[in-house]
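A.B. asks: below are the sequence and a predicted model; questions follow.
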Amino acid sequence: MESHKRVAITHNTTETRPESSVYTEMRGVAMLEDSVQDTTEYVRPSEGGDVISTILRREVMHDQTQGTCHYSVANANCTQDSDCAQGEIDFDGHGQRTGRCILYYNYTFKTCEIKSWCPIEEYAVVRYSLEQAINFTVFIKNAIHFPKFKVLRGNIKPNKPKKLLRCHYHPETNPYCPVFSLGFIAAQAREKFSELCRTGGIIGVFINWKCDFDVDPSKCIPTYSFRRLDMRKDLPSSGYYYRFAKYYHKDGVEYRTLIKAYGIRLDVIVHGHVRPNRNNPVGKRHLQTYTACVHLSQCLI
């Protein structure tokens, strides 16, 4: 998703836009049944950026291969072959109709046969939720540059990198430790972690820079807030999930394991508000307000 920046400036004054960069990294290891879950297993994407997600629950369809099978979308029931238009593809279906009307797997009714990856997804195995992920941590590194005032600020202290391996964010005792547990993020967004494990969800991590350059720029420290961004859980479109597949060959035939992954997606959104130094001639005339929006859709001034 393409990012952009917005600028709001009083008195229609032209100003250079602030520049912001974000790097994220998730840490933690958990056990799911007898399987070890490390970051390679549950973090998407692996390189980190202003968007990062973790898989909390999977629905797995094993051993799919290209072939023909029945399916059960609402308009797929039939009594004879003429009810199944050959070559037709349903928008909500899984493949292309072959023109045959066949018995459903439990022999209670008939459906149109399709060419697809078979068996279809309705037979997926629902895996347990990764509830131990509540203790996983997310490291969020942010730098913001205000070119007009030649000020570059970061949310960590570069001379204390080792401290970041064992600290957690606190607005008073650890303001330069941008390390947050997923449980903390869910609680701050007023969401139940167990519910997020079930349905998934998108949470905005807002980094807010409110700086007064009349004082020492080193006093310019960001604050953090968290808010659910997707539709609420009582709506059909709520939650966050996506599908991916793992492919393999057996006896010369291509198979795949289809995974429907539910998880938490974090969108990091940066806002900057600057009061210029009143000793600056420009600052005497105008109060400049900047908003740097790292992620596309959530930047509101």
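C.D. replies: Sure, I can see it.

A.B. asks: use CA for all of it now, contacts and neighbours both
C.D. replies: OK.

A.B. asks: give me the distance between residue 95 and residue 66.
C.D. replies: 10 Å (CA to CA, to the nearest Å).

A.B. asks: who has more neighbours, those two?
C.D. replies: Legend: neighbour count by other CA atoms under 10 Å for residue 95 and residue 66, higher for residue 95 (21 against 14).

A.B. asks: where does this protein have its least confident helix or strand?
C.D. replies: In the chain, the helix or strand scored least confidently by mean pLDDT, DSSP states H and E is strand 6-9, which has a mean of 36.

A.B. asks: what about the helices in this structure?
C.D. replies: 39-42, 182-188, 193-199, 281-285 (DSSP state H).

A.B. asks: for the third one, the distance to its chain's centre please.
C.D. replies: Average the C-alpha atoms of helix 193-199, do the same for its chain, and the two points are 14 Å apart (CA atoms, centre = their mean, to the nearest Å).

A.B. asks: same thing with the second one?
C.D. replies: In this view, helix 182-188 has its centroid 15 Å away from the chain centroid, taken as CA atoms, centre = their mean.

A.B. asks: check the shortest one too.
C.D. replies: Between the mean C-alpha location of helix 39-42 and the chain-wide mean there is a distance of 14 Å, by CA atoms, centre = their mean.

A.B. asks: could you pull out the buried residues of it?
C.D. replies: Residues of helix 39-42 classed as buried: 39, 42 (neighbour count, 16 or more other CA atoms under 10 Å).

A.B. asks: for stretch 103-118, same thing?
C.D. replies: 103, 104, 110, 111, 112, 113, 114, 115, 116, 117, 118.

A.B. asks: again with stretch 223-241
C.D. replies: Buried residues in stretch 223-241 (16+ other CA under 10 Å): 224, 226, 227, 228, 229, 230, 238, 239, 240, 241.

A.B. asks: count the neighbours of residue 211 for me.
C.D. replies: Neighbour number of residue 211 under other CA under 10 Å is 19.

A.B. asks: check contacts around it.
C.D. replies: For residue 211, the contacting residues are 217, 219, 220, 221, 272, 273, 274, 275, by CA atoms under 8 Å, 6 or more residues apart in numbering.

A.B. asks: how about a cut-off of 10 Å?
C.D. replies: 217, 218, 219, 220, 221, 222, 272, 273, 274, 275, 276 (CA atoms under 10 Å, 6 or more residues apart in numbering).

A.B. asks: and it, bridged to which residues?
C.D. replies: On the basis of DSSP bridges, residue 211 is bridged to residue 274.

A.B. asks: tell me if I'm right that residue 88 and residue 94 touch.
C.D. replies: No. Contact criterion CA atoms under 10 Å: residue 88 and residue 94 do not qualify, at 11.2 Å.

A.B. asks: overlap of the contact sets of the two?
C.D. replies: residue 114.

A.B. asks: bridged to the residue nearest in space to the middle of the chain, which residues?
C.D. replies: With distances taken as CA atoms, centre = their mean, residue 265 lies nearest the centre of the chain, 2.2 Å away. With DSSP bridges applied, residue 265 shows beta-bridge pairing to residue 53, residue 202.

A.B. asks: which residues touch it?
C.D. replies: With contact set as CA under 10 Å, 6+ apart, residue 265 has these partners: 43-44, 51-55, 200-204, 229-230, 239-241.

A.B. asks: pLDDT weak spots in this protein?
C.D. replies: Low-confidence segments of the chain (pLDDT under 70): 1-17, 161, 232-234, 236, 275-301.

A.B. asks: show me it divided up by domain.
C.D. replies: 6-62+126-298, 72-119 (automatic domain parsing).

A.B. asks: distance check, residue 229 against residue 267.
C.D. replies: 9 Å.

A.B. asks: now do the shared contacts for those two.
C.D. replies: 202, 203, 204, 205, 298.

A.B. asks: may I see the ChimeraX selection of the buried members of those?
C.D. replies: In ChimeraX syntax, the buried subset of these is picked out as below (16+ other CA under 10 Å):
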select :202,203,204,205
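
A.B. asks: between the shared contacts of residue 229 and residue 267, which sits nearest residue 18?
C.D. replies: residue 298 (17.0 Å; CA to CA).

A.B. asks: neighbours of the nearest residue to residue 43 once chain neighbours are set aside, how many?
C.D. replies: Excluding the flanking residues, the one nearest residue 43 by CA to CA, 6 or more residues apart in numbering is residue 54, at 4.7 Å. By other CA under 10 Å, 23 other residues sit near residue 54.

A.B. asks: pretty sure residue 54 sits against residue 242.
C.D. replies: No. Applying CA under 10 Å as the test, residue 54 and residue 242 come out as separate, 11.4 Å apart.
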